[in-house]
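Enquirer: Okay, here's the prediction I keep looking at, along with the sequence it came from:
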Amino acid sequence: QVQLVESGGGLVQAGDSLRLSCAASGRTFSSYAMGWFRQVPGKEREFVAAITGSGGGTIYADSVKGRFTISRDNAKNTVCLQMNSLKPEDTALYYCAGRSGGSYYYYTRRYDYNIWGQGTQVTVSS
C-alpha cells in the first residue's frame with residue numbers, strides 16, 4: 001500500500017508562492033488518483049485539487065483555480081502543488097491524499113480517498 005509524506009509548507013506573505021510536495025512509497029503509484037485537501041481548525045477538510053493517476057486530468061476548487069497547479073511525476077513517485085498569489089485565506093493544514101484504481105479518474109470528495117499523509121502547515125500573513 002502507498003504511504004504519503006508531505007513537505008514544503010511554511011510561513012509566507014500574501015502574494016508569495018509556495019510549492020508543496022508529496023512523496024509516495026510503493027510501486028503502483030501511477031494507478032493512484034491523487035488529491036490535495038486543506039483544513040483549518042473547526043472547519044471541514046476541503047478539496048483543493050486533484051489529478052488522475054496518468055497525470056492527464058486535473059481539477060481545482062474554484063477558490064484556487066488560476067493560482068494553484070497540481071502535477072505529478074510517476075517516475076519519482078511524487079505529486080506537487082504549486083501555489084502562487086497566496087492569500088491569508090489559504091492558511092491551513094494541507095493534506096495529500098491517494099486512492100487506488102484511479103489511473104484515469106480524479107476525485108473531489110474526501111471520502112473517495114483511502115490514503116492520507118500527515119499534513120504540512122501553510123501560513124500566509126497579510
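Expert: Sure thing, it's come through. Residues are numbered from 1 along each chain as shown.

Enquirer: which stretches of the protein form strands?
Expert: 4-7, 10-13, 18-24, 33-39, 46-51, 58-60, 68-73, 78-83, 92-99, 115-116, 120-125 (DSSP state E).

Enquirer: Export those strands to CSV and append columns for mean pLDDT and distance to residue 106.
Expert: C-beta coordinates here come from the backbone N, C-alpha and C atoms, glycine included. Formatted as CSV, the strands of the chain follow (pLDDT from 0 to 100; distance: least, Cβ to Cβ, whole Å):
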stretch, mean pLDDT, distance to residue 106
strand 4-7, 96, 16
strand 10-13, 98, 27
strand 18-24, 97, 15
strand 33-39, 98, 5
strand 46-51, 98, 4
strand 58-60, 98, 5
strand 68-73, 98, 9
strand 78-83, 98, 12
strand 92-99, 97, 9
strand 115-116, 96, 15
strand 120-125, 98, 21
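
Enquirer: Distance of the nearest residue to residue 84 once chain neighbours are set aside relative to residue 122?
Expert: Of all residues not flanking residue 84 in the chain, residue 17 sits nearest, at 4.7 Å (Cβ to Cβ, 6 or more residues apart in numbering). The gap separating residue 17 from residue 122 is 11 Å, by Cβ to Cβ, to the nearest Å.
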